[in-house]
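Participant: Quick check, what structure comes out for this input:
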Amino acid sequence: MHGQQGLTTVRRGSPGHGERFLLSAALLVVSLLWFTRDMALWANILCVVGAAGGALGMLLFGRNYMNSRRN
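Facilitator: Numbering: from 1, shown residues only. As a prediction, the model looks like this:
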């Protein structure tokens with residue numbers, strides 16, 4: 001197809017590694033704040049999953065950001 005790019009290219013307007021790192025940090029903070037509330041067990045589990053996902057995203061996108069700045 002004309003104009004089709006590979007899956008590894010970044011489209012104009014899509015968030016970069018720095019923005020994704022900040023979004024992951026926000027997810028971690030919000031999940032930990034909600035975890036402090038007295039809620040049902042399923043909601044607490046969802047908060048822990050969100051916090052773990054945010055921490056994992058911070059590690060992944062932070063590493064990718066540092067590698068992109070080095071090159």
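Participant: quick one, what contacts the closest residue to Leu27 other than its chain neighbours?
Facilitator: Spatially, and ignoring its direct neighbours in sequence, Leu27 is nearest to Gly54 (3.6 Å; Cβ to Cβ, 6 or more residues apart in numbering). C-beta: built from backbone N, CA, C; applies to glycine. If you count contacts by Cβ atoms under 8 Å, 6 or more residues apart in numbering, Gly54 has them with 24-29, 31.
Participant: In which helix or strand does Gly54 reside?
Facilitator: If you go by DSSP states H and E, Gly54 is part of helix 41-70.
Participant: Am I right that Ala51 is in contact with Leu33?
Facilitator: No - shown here, Ala51 and Leu33 do not form a contact pair, counting by Cβ atoms under 8 Å, at 9.8 Å.
Participant: Would you mind telling me which of those two has the busier surroundings?
Facilitator: Taking Ala51 and Leu33 together and counting by other Cβ atoms under 10 Å, Ala51 has the greater number of neighbours (19 against 11).
Participant: which residue is nearest the middle of the chain?
Facilitator: Ser24 (3.2 Å; Cα atoms, centre = their mean).
Participant: what about that residue, which helix or strand?
Facilitator: Element membership for Ser24, per DSSP H and E: helix 17-35.
Participant: how much space between the closest residue to Leu60 other than its chain neighbours and Trp42?
Facilitator: For Leu60, ignoring the flanking residues on the chain, the nearest one in space by Cβ to Cβ, 6+ apart is Ser24 at 8.0 Å. Relative to Trp42, Ser24 is positioned 23 Å away (criterion: Cβ to Cβ, to the nearest Å).
Participant: circling back to that earlier point, can you read off the pLDDT for the residue nearest to Leu60?
Facilitator: Model confidence at Ser24, given as pLDDT, is 95.
Participant: before we move on, what about the one 3 residues further on?
Facilitator: pLDDT recorded at Leu27 is 95.
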